[in-house]
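Engineer: Generate coordinates for the sequence data below:
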Amino acid sequence: MPNALSKIDFTRIPKHIGCVMDGNGRWAKNRGLPRTEGHAAGEEALFDTVLGALDLGVEWLTMYAFSTENWKRPPDEVRFLMGFNRGLLRRRRDELNDLGVRIRFAGRRDWRVPRSVIKEMDKSLEMTEHNSKLNLTMAFNYGGRAEIVDAVRECVRDGIDPEKIDEKAIRARMYIPDMPDPDLIVRTSGEHRISNFLLWQMAYSELVFQKVLWPDFRREHLFEAVLEYQRRDRRYGAV
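Structural biologist: Residues are numbered from 1 along each chain as shown. Have a look, this model is predicted:
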C-alpha cells in the first residue's frame, strides 16, 4: 500500500470522491473505549484524507459526517457529535483555508441542528468561499432520500408543471446543484451498504468497500481505492 501513489495514473483521477466514514464505534469498542472516543479519533483520518485528495488533485471530496438517521442514536452520543463537529470546524478551518480548500455543506438546516453549529458552518463557508483547490463537502444532517424529497418539494413550491418535472429540474434543486456526480464512493469498516448517501448522484459511481475502520484510515487507503477505481471499465450503461 505505501507504493500505491506511484502506481496511480494521474490522467485518470476521479473528479469527485464520496466517503462513508464508518467504523468509529467498533474501533472504540475494540479498545474498551466509549463510542465517542472513536468519533474523536476519526478527526485525524478525515484530515489525512483531505491531504490525500489534494495530493491526487481531486476536485470534489464529500464526507458523510452525520446522517438524518443518526438522530436515532443515544442522546449523549448525538450531543457529543454536535459538539465535535462544531469543534472540528473551529480547529481545522484555518488549516483548510491555508490549503486552498473550500468547505461546503449538504443537508437540512432544521431546528434539530444547534444554532452554535450552524454559526460555525456559516463562518467556515464565508472564510473559504473563494478557495478552489478542493471542494470539501460535509454531508451533515444529510440523507439521500431527504435530499430528493426536498428537491421535489422545491419544484412544487416553484409551481413547475408536473409534466415538466424532469431530472434537470430536480438536479437544479439539490443541496449543492453544481456538485458533479461522484465517480468513486469509498466505504470503510467492511460494510457493503450505501446507507442513504448521495442516492441521486451515485447512479453510475464506482463503489469500493474497504475493511479498515475509519479512525485507522489514511491517505494510502484513499490511493488504494483510486487504484481499484482505475482498474475498472466504466461504461455508463453502454456496451
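
Engineer: What's the end-to-end length of stretch 158-177?
Structural biologist: 16 Å (Cα to Cα, to the nearest Å).

Engineer: longest helix of this protein?
Structural biologist: helix 75-98 (DSSP state H).

Engineer: Quick one: list the elements packing against that one.
Structural biologist: Counting contacts by 3 or more Cβ pairs under 8 Å, 6 or more residues apart in numbering; DSSP states H and E, helix 75-98 packs against helix 35-56, strand 60-67, strand 101-106, helix 115-128, strand 134-142. Using the backbone N, CA and C atoms, a C-beta is placed for each residue, glycine as well.

Engineer: could these be laid out in TSV, adding mean pLDDT and distance to Ala169?
Structural biologist: Below are the helices and strands packed on helix 75-98 laid out as TSV (pLDDT from 0 to 100; distance: least, Cβ to Cβ, whole Å):
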stretch	mean pLDDT	distance to Ala169
helix 35-56	96	31
strand 60-67	97	22
strand 101-106	98	19
helix 115-128	96	26
strand 134-142	98	21
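
Engineer: out of the ones you listed, nearest to Leu213?
Structural biologist: helix 35-56 (8.0 Å; Cβ to Cβ).

Engineer: Next, the angle strand 101-106 makes with that closest one.
Structural biologist: 130 degrees (axes from the mean of the first three to the mean of the last three Cα atoms, to 10 degrees).

Engineer: tell me what helix 35-56 is packed against?
Structural biologist: helix 24-30, strand 60-67, helix 75-98, strand 134-142, helix 219-231.

Engineer: What residues sit buried inside the longest helix of the chain?
Structural biologist: 77, 80-82, 84-86, 88-89, 92-93, 96-97 (16 or more other Cβ atoms under 10 Å).

Engineer: Which residues does that helix contact?
Structural biologist: Contacts with helix 75-98, where a contact means Cβ atoms under 8 Å, 6 or more residues apart in numbering, come from 35-36, 39-40, 43, 46-47, 50, 65-66, 70-71, 73, 103, 113-114, 116-117, 120-121, 123-124, 127-128, 131, 136, 138, 140.

Engineer: Just the buried ones from those, in PyMOL syntax?
Structural biologist: The buried residues among the contacts of helix 75-98 can be selected in PyMOL (16+ other Cβ under 10 Å) with this line:
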select buried, resi 35+36+39+40+46+47+50+65+66+70+73+103+113+117+120+121+124+127+128+131+136+138+140
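
Engineer: What's the local residue count around Pro177?
Structural biologist: Close neighbours of Pro177, defined as other Cβ atoms under 10 Å, add up to 10.

Engineer: For it, give me its contacts.
Structural biologist: Counting by Cβ under 8 Å, 6+ apart, Pro177 has contacts Arg171.

Engineer: what does Ser195 give?
Structural biologist: 20, 22, 64, 67, 69, 187.

Engineer: Next, count neighbours for the fifth one.
Structural biologist: If I follow you right, that is Glu69. 13.

Engineer: Would you quantify the distance from the closest residue to Leu54 other than its chain neighbours to Lys15?
Structural biologist: Nearest non-adjacent residue to Leu54, counting by Cβ to Cβ, 6 or more residues apart in numbering: Leu134, 5.8 Å away. Between Leu134 and Lys15 the computed distance is 11 Å (Cβ to Cβ, to the nearest Å).

Engineer: same question, Arg73
Structural biologist: 33 Å.

Engineer: just Ser205 next, same as before
Structural biologist: 11 Å.

Engineer: okay, and the common contacts of those two?
Structural biologist: Common neighbours of Ser205 and Lys15 (Cβ under 8 Å, 6+ apart) are Asp183.
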